[in-house]
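> Build me a model:
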Amino acid sequence: MNGPEVTEEPVRLEGFGPKDLYQKREKIFTRFVGGFFQRLRFFTGWPLLMGYFLLPWMNWDGRQAVLFDLPARQFHIFTVTFYPQDFWLLGWMLIIAAFGLFTITTLVGRLWCGYTCPQTVWTAIFMWIEQVAEGPRHARIRLENAPWSFEKLRKRTMKHGMWLGVAALTGITFVGYFTPIRELVPDLAGLEANGWAVFWSLFFTGATYTNAGWMREQVCIYMCPYARFQSAMFDKDTLVVSYDPARGEPRGPRKRKAEDTELGDCVDCQLCVQVCPVGIDIRDGLQYECIGCAHCIDACNQVMDKMDYPQGLIRYTTEHELSGGKTHWLRPRAIGYAVVLLVMMTAFSIALFSRNAFEVDVLRERGALSGINAAGEVTNQYSLKILNKTQRPQSYTMRVISDLPISVGRSERLERGLSSLPGEVIDLPLTLKVAREAVSLPSVPVTVELCETGTSYCDTEETTFFGPMQ
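Residues are numbered from 1 along each chain as shown. Presented below is the predicted three-dimensional model:
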């Protein structure tokens, strides 16, 4: 069928020029600069790294200090052991972390992203490796555009080899939080590790290599949800990295100490763009891609020093301060977040330190609700479960509370005395019995109380005693 010829044109957005919906990522070649904020990052990134890599190797009371033992359903963190019954504490802790992030973001913007986010820290390591293997920014650009040669192959092999080394160390360490690392590493080295340990070590190695080596700023811009909803927590008093246009414009190159009153302080050197790990121009205003890393501040301050201009053309500031106003630190939103955070942290601390030392559960056995024994007594069968949630042995005393004269059936384990090892789960049969003539109702509530010997702590469990079946 003939018709008018249709030609495809790129999508155009008014004011933004042609846009390719599937635009290829442009590789960012960052320039490395020192400065105050980069030295400050040393004290935020390295403690995180050292803690991550060294923590699994620490022992505490004869076991790995931090170990999430999934098969045993025990999660050890130094002196405290958590169980699946404590998962509500995990949910609570995640909510506290969220409100902590909200509070920090409202006050100081994306400071978490710029200094302590694992993606930022590991990406900085990979970028440093890239500089060691391939040279400074201009050398890396030349190498990228150069045809393949032995020298290019050697440098790329060195870079990716070092990347894979750091990624492997990261992946194995992560698995070491779930499998005893002192056993995992020799097993992996001797090719004796189980399949799941090998799989997850390779998986997290690949994830680290991809995210920190190849995707980098794409993770921050497109994959991290924080970049999208942060604007809901920003206001004109939030501390962010900003360019001062009143002082810097109009921008333009000039010689040092040139007395040109028509130009602002910005010499248009592009250093603030070249050092940015996400490839933005901070002079275009506040952008959601900015992670607040302050590379541009250090670079600009160095240029200002060389030009004998005052520092702070790019600085941490607020919109109110840029417009000549005053920053208001105590404001309703920030106070609200901080109060809620403080209340939740206090309640969490109380709940954590008053956590039960053990838990008791009484489950009715399947089958008949009640029975009659040889002595003519009505019996009910249960399963008594006791979970020792501490890392010390415990012994218990038990009693049954009811309106009926209920007694406990004979049991070898009960007669020996109830005791448990650290972290042990006791599961034993429990028989409750009462004279038949004493039962006048079809069912009677019963409370089983278990107390730790030598302490005042007791735990109770409600159940039901059923009368004889008619």
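
> Low-confidence regions, the stretch 251-400 of the chain specifically.
258-261 (pLDDT under 70).

> Recalculate using a threshold of 90.
Confidence mapping of the stretch 251-400 of the chain against pLDDT under 90 gives the ranges 252-263, 285-289, 322-325, 327-331, 333, 350-359, 365-376, 389-392, 397-399.

> Would you state the strands of it in chain order?
With DSSP state E, counting those that start in this stretch as the criterion, the stretch 251-400 of the chain has strands at 314-317, 358-364, 371-372, 377-388, 394-401.

> try the stretch 101-250 of the chain
Under DSSP E, counting those that start in this stretch, the stretch 101-250 of the chain gives strands at 240-243.

> What segments of it are helices?
111-115, 118-134, 137-145, 150-175, 181-189, 195-208, 217-218, 226-229, 245-248 (DSSP state H, counting those that start in this stretch).

> Also compute the angle for the fourth one relative to helix 118-134, please.
Put plainly, it is helix 150-175. Calculated by axes from the mean of the first three to the mean of the last three Cα atoms, to 10 degrees, helix 150-175 forms an angle of 150 degrees with helix 118-134.

> What are the buried residues along helix 150-175?
Under the neighbour-count criterion of 16 or more other Cβ atoms under 10 Å, helix 150-175 has 155, 159-160, 162-163, 166-168, 170-175 buried. All C-beta spots, glycine's among them, are computed from the backbone N, C-alpha and C.

> Reformat those as TSV; add pLDDT and distance to L421.
Converted to TSV, the buried residues of helix 150-175 look like this (pLDDT from 0 to 100; distance: Cβ to Cβ, whole Å):
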residue	pLDDT	distance to L421
K155	96	57
K159	97	51
H160	97	49
M162	97	46
W163	97	46
V166	97	41
A167	97	40
A168	97	37
T170	97	35
G171	97	34
I172	97	31
T173	97	30
F174	97	30
V175	96	28
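
> By neighbour count, which bits of the helix or strand hosting V448 are buried? Give me those.
Element membership for V448, per DSSP states H and E: strand 443-452. For strand 443-452, the neighbour count (16+ other Cβ under 10 Å) marks V444, V446, V448, L450, C451, E452 as buried.

> For A146, state which of those is nearest.
E452 (72.9 Å; Cβ to Cβ).

> Look at L432 and say how many residues are nearby.
L432 has 23 neighbouring residues, counting by other Cβ atoms under 10 Å.

> What of R315?
19.

> Not counting sequence-adjacent ones, nearest residue to it?
I297 (5.9 Å; Cβ to Cβ, 6 or more residues apart in numbering).

> if we can go back for a sec, of the strands of the stretch 251-400 of the chain, give the one that comes closest to A139.
For A139, the closest of the strands of the stretch 251-400 of the chain is strand 314-317, at 26.2 Å, according to Cβ to Cβ.

> Partner strands of the closest one, with direction?
strand 240-243 (antiparallel) (DSSP bridges).

> Count the neighbours of P250 for me.
10.

> Next up, the contacts around it.
E262, L263, G264 (Cβ atoms under 8 Å, 6 or more residues apart in numbering).

> on that earlier part again, widest-spaced pair of the buried residues of helix 150-175?
Maximum distance among those (Cβ to Cβ): 30.9 Å, for K155 and V175.

> Tell me who's in contact with E377.
E377 makes contact with K433, V434, A435, R436 under the criterion Cβ under 8 Å, 6+ apart.

> Surely the third one and P405 touch.
In this case it means A435. Yes. Assessed by Cβ atoms under 8 Å, A435 is found in contact with P405 at 7.1 Å.

> When those two are compared, which one has more neighbours?
Legend: neighbour count by other Cβ under 10 Å for A435 and P405, higher for A435 (14 against 9).

> any idea how far L414 is from the more buried one?
20 Å (Cβ to Cβ, to the nearest Å).

> what's the answer for G336, then?
According to Cβ to Cβ, G336 stands 54 Å off from L414.

> what do you get for R283?
Counting by Cβ to Cβ - R283 and L414 are separated by 78 Å.

> Could you do F150 as well?
79 Å.

> Also M215?
60 Å.

> do R216 as well
From R216 to L414 the distance is 63 Å (Cβ to Cβ).

> Comparing the two, which shows the higher neighbour count?
Between R216 and L414, counted using other Cβ under 10 Å, R216 has the larger neighbour count: 24 against 16.

> Isn't the more buried one up against I28?
Yes. Contact criterion Cβ under 8 Å: R216 and I28 qualify, at 7.3 Å.

> Please enumerate the shared neighbours of the two.
Joint contacts of R216 and I28 (Cβ under 8 Å, 6+ apart) are P277.

> By neighbour count, which of the contacts of P250 wins?
Of all the contacts of P250, G264 has the most neighbours under the rule other Cβ under 10 Å, reaching 19 neighbours.

> Okay, that residue and T318: tell me how far apart.
Counting by Cβ to Cβ, the gap between G264 and T318 amounts to 21 Å.

> re the thing from before, could I get the helices of the stretch 101-250 of the chain as JSON lines with distance to P277?
Formatted as JSON lines, these follow (distance: least, Cβ to Cβ, whole Å):
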{"stretch": "helix 111-115", "distance to P277": "9"}
{"stretch": "helix 118-134", "distance to P277": "7"}
{"stretch": "helix 137-145", "distance to P277": "12"}
{"stretch": "helix 150-175", "distance to P277": "16"}
{"stretch": "helix 181-189", "distance to P277": "31"}
{"stretch": "helix 195-208", "distance to P277": "17"}
{"stretch": "helix 217-218", "distance to P277": "6"}
{"stretch": "helix 226-229", "distance to P277": "13"}
{"stretch": "helix 245-248", "distance to P277": "22"}
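
> between those, which gets nearest to Y396?
Taking the helices of the stretch 101-250 of the chain one by one with Cβ to Cβ, helix 181-189 is closest: 33.7 Å.

> Mind giving me the packing neighbours of the closest one?
Applying 3 or more Cβ pairs under 8 Å, 6 or more residues apart in numbering; DSSP states H and E, we find helix 181-189 packed against helix 150-175, helix 195-208.

> List the buried residues for it?
Within helix 181-189, the residues that count as buried by 16+ other Cβ under 10 Å are I181, L184, V185, L188.

> Just give me the neighbour total for F53.
Neighbours of F53 using other Cβ under 10 Å come to 14.

> Check whether R254 really touches V267, as I assumed.
Yes. Contact criterion Cβ under 8 Å: R254 and V267 qualify, at 6.2 Å.

> Compare these two (neighbour count), which wins?
Ranked by neighbour count (other Cβ under 10 Å), R254 and V267 place V267 first, with 23 against 14.

> and the host helix or strand of P429, what does it pack onto?
Secondary-structure assignment from DSSP H and E places P429 in strand 425-435. Strand 425-435 sits against strand 377-388, strand 407-408, helix 412-416, with contacts defined as 3+ Cβ pairs under 8 Å, 6+ apart.

> what comes into contact with it?
Against strand 425-435 from outside (Cβ under 8 Å, 6+ apart): 362, 365, 373, 376-388, 400, 404-411, 413-414, 418, 420, 446, 448, 465.

> relative to strand 394-401, how tilted is it?
Relative orientation of strand 425-435 versus strand 394-401 (the same axes, to 10 degrees): 30 degrees.

> With that, I have no additional questions.
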